[in-house]
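>>> need coordinates for the below:
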Amino acid sequence: WPMRGPGQNQAARAVEPLIDRAAAELGIDRLEIRKLNSPTDGDPAGADQSPLTSAHLGEAYQMAADAIDYESLKSMNGRREGSVVHGVGLGSASHASGYVGFDGLIVIHTDGTVEVRQGAGNLGTESYAAVARLAAETLKVPWEDVQVTWGRSDKAAFTLGQFSSNTTFTTGLSNVRAAETAVQYLKEIAANEYGGSPDDYEVADGVVTNGEGDTLTLGEAAQVAVELGGKYTGEEVPQEYQESLIPLTLGAAADVYGQALVAFGKTGGDDLGGFVDSFNAAVAHVTIDLETGKVAVEELANYGDSGTIVHPDSYTAQIEGGAVQGIGYALTEHMRFDQETGIPVNADWYKNKPPSIMDFTRAPLQVGGVDEPDPYGPHGAKGVGEPPLGAAASAVVSAIEAGLGTTFTKHPITASDVLDKIEAGETEVR
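Numbers count the residues shown, from 1 in each chain. Just a heads-up that it's a prediction; the model follows:
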């Protein structure tokens, strides 16, 4: 099992070769059959067959195909050059990527610092920063004025956890809801100071203003909040939050009650009108050495549908990492267990080999995204994490099968497996 995306990525590995066979029997191009069957907005998904909040897999397929010129490459399937044969394949994967029912917490200190106290930490994907940036975007505050607090339970709003491609949507939306509360408080405070309606005021660039010269910095507004007390400083928790917030979240603000502007947020059923799913599509070009059985990934394009791309560096890194892991899943990685004891028998790296730089694509990896917003995501964002692995793995498998004119019903596809197929006369290569 892959360590990234258990379930869906195995399904992608199993299903994509079947789509290739269907395309061959129907006489349809393998890219076109996938685009024809790609889900679109509102299509049913999940156990309850809820409508997809957004789906742009077909666009992702086309972008990946364009990135490595699939139209030219597909004619190379089965072409032999010396001891090497070429193969071109396609694959996709998906993963549920957003949930509601979780908490957000924003603290605006009297020095003007905006502190995002969140349960999301840093797994190496930079998602801890991406979800905090969503709060900064809502408050329209410069990123350098934002402090992110994570990794400690005494200052963390309750969230689902960092797994299952959900962090950007789930924690990000909770942060946005808390930031929206903070914006409302800031407008109310300004109206209390200068008169008028809260709707007369805007929050942007670290100030609250009505456009007529009446202005409060965030630090000044936080000081007024301290003087006003009550809900503005967390000393009184609004009834809606008393009934819905997890005690962990209320406790996470205990050290600043009465000393700063404290804003809670909560996501619920009204925040989600369907099933949130993220998608990736990949196109791979491989060469198979008929004498050694070794497969080399020459080119790979991996494009995602993850809503609005809110942190481009993190987004690119997640797809690149998933693509490399997908290559490993297709070609080298396989946990083996003793059938009687269940104990893993190849726990060492050299026995269960992850891909190294020598196993990477020979041409630069092509990655990107559709960048179409999800109507329910925080600023249009969805998750990223797991689909890149399944898409890459299934595209590599598809390419190997297309090049050799055969099928493999086990994984990984090792050099020995390739040679066994050739020696058994089960390929179309002569």
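>>> what helices or strands is the helix or strand bottoming out on mean pLDDT in the chain leaning on?
Among the helical and strand segments of the chain, the one scoring lowest on mean pLDDT, DSSP states H and E is helix 239-244, with a mean of 88. Using 3 or more CB pairs under 8 Å, 6 or more residues apart in numbering; DSSP states H and E, the elements in contact with helix 239-244 are strand 261-266. Bear in mind the C-beta positions are built from the backbone N, C-alpha and C, glycine included.
>>> returning to what we had before: next, the buried residues of the least confident helix or strand of the chain.
Taking 16 or more other CB atoms under 10 Å as the basis for neighbour counts, the residues of helix 239-244 that come out buried are Y241.
>>> not counting its own residues, what contacts that helix?
The contact list for helix 239-244 (CB atoms under 8 Å, 6 or more residues apart in numbering) reads 250, 264, 266, 268.
>>> return the distance of it from the chain's centre.
What separates the centre of helix 239-244 from the centre of its chain is 30 Å, taken as CA atoms, centre = their mean, to the nearest Å.
>>> what does stretch 215-231 give?
Per CA atoms, centre = their mean, the displacement of stretch 215-231 from the mean C-alpha position of its chain is 37 Å.
>>> how about it: buried residues?
Neighbour-count burial for stretch 215-231 flags 216, 218-226, 228, 231 (criterion: 16+ other CB under 10 Å).
>>> which of those sits closest to G206?
In terms of CB to CB, no member of these lies closer to G206 than L218, at 5.4 Å.
>>> which of the three states applies to the nearest residue to that closest one once chain neighbours are set aside?
Distance criterion CB to CB, 6 or more residues apart in numbering; nearest residue to L218, sequence neighbours excluded, is G112 at 4.7 Å. At G112, secondary structure determined by DSSP: H, G, I helix; E, B strand; the rest coil is coil.
>>> let me see the mean pLDDT of the helix or strand containing T249.
T249 is part of helix 247-252, with elements assigned from DSSP states H and E. Helix 247-252 comes out with an average pLDDT of 94.
>>> run the chain-centre distance for that helix.
Taking the mean of its C-alpha atoms, helix 247-252 sits 27 Å from the chain's own mean (CA atoms, centre = their mean).
>>> swap in stretch 305-325?
Taking mean C-alpha positions (CA atoms, centre = their mean), stretch 305-325 and its chain are 7 Å apart.
>>> turn the buried residues of stretch 215-231 into TSV, including secondary structure, pLDDT and distance to N280.
TSV is the format used below for those (DSSP: H, G, I helix; E, B strand; the rest coil; pLDDT from 0 to 100; distance: CB to CB, whole Å):
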residue	secondary structure	pLDDT	distance to N280
L216	strand	97	45
L218	helix	97	39
G219	helix	97	43
E220	helix	97	46
A221	helix	98	43
A222	helix	98	42
Q223	helix	98	48
V224	helix	98	48
A225	helix	98	44
V226	helix	98	48
L228	helix	97	49
K231	helix	96	43
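>>> quick check: the gap between the nearest residue to K382 once chain neighbours are set aside and K187.
Spatially, and ignoring its direct neighbours in sequence, K382 is nearest to G307 (3.7 Å; CB to CB, 6+ apart). When CB to CB, to the nearest Å is the yardstick, G307 and K187 sit 28 Å from each other.
>>> quick one: pLDDT of W1?
pLDDT recorded at W1 is 49.
>>> now do E235
In this prediction, E235 has a pLDDT value of 94.
>>> tell me the contacts of it?
229, 257-258.
>>> okay, these in CSV with pLDDT, distance to F275 and secondary structure next?
Compiled in CSV, the contacts of E235 are given as follows (pLDDT from 0 to 100; distance: CB to CB, whole Å; DSSP: H, G, I helix; E, B strand; the rest coil):
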residue, pLDDT, distance to F275, secondary structure
G229, 96, 42, coil
Y257, 95, 38, coil
G258, 96, 42, coil
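>>> all the helices of this protein, residue numbers only.
Assigned helices in the chain, in chain order: 8-26, 30-36, 57-67, 70-73, 127-139, 167-194, 218-228, 239-244, 247-252, 312-331, 387-404, 415-423 (criterion: DSSP state H).
>>> from the ones you listed, which stretch is densest packed?
For those, the stretch with the most neighbours on average is helix 387-404, a mean of 31; neighbours defined as mean count of other CB atoms under 10 Å.
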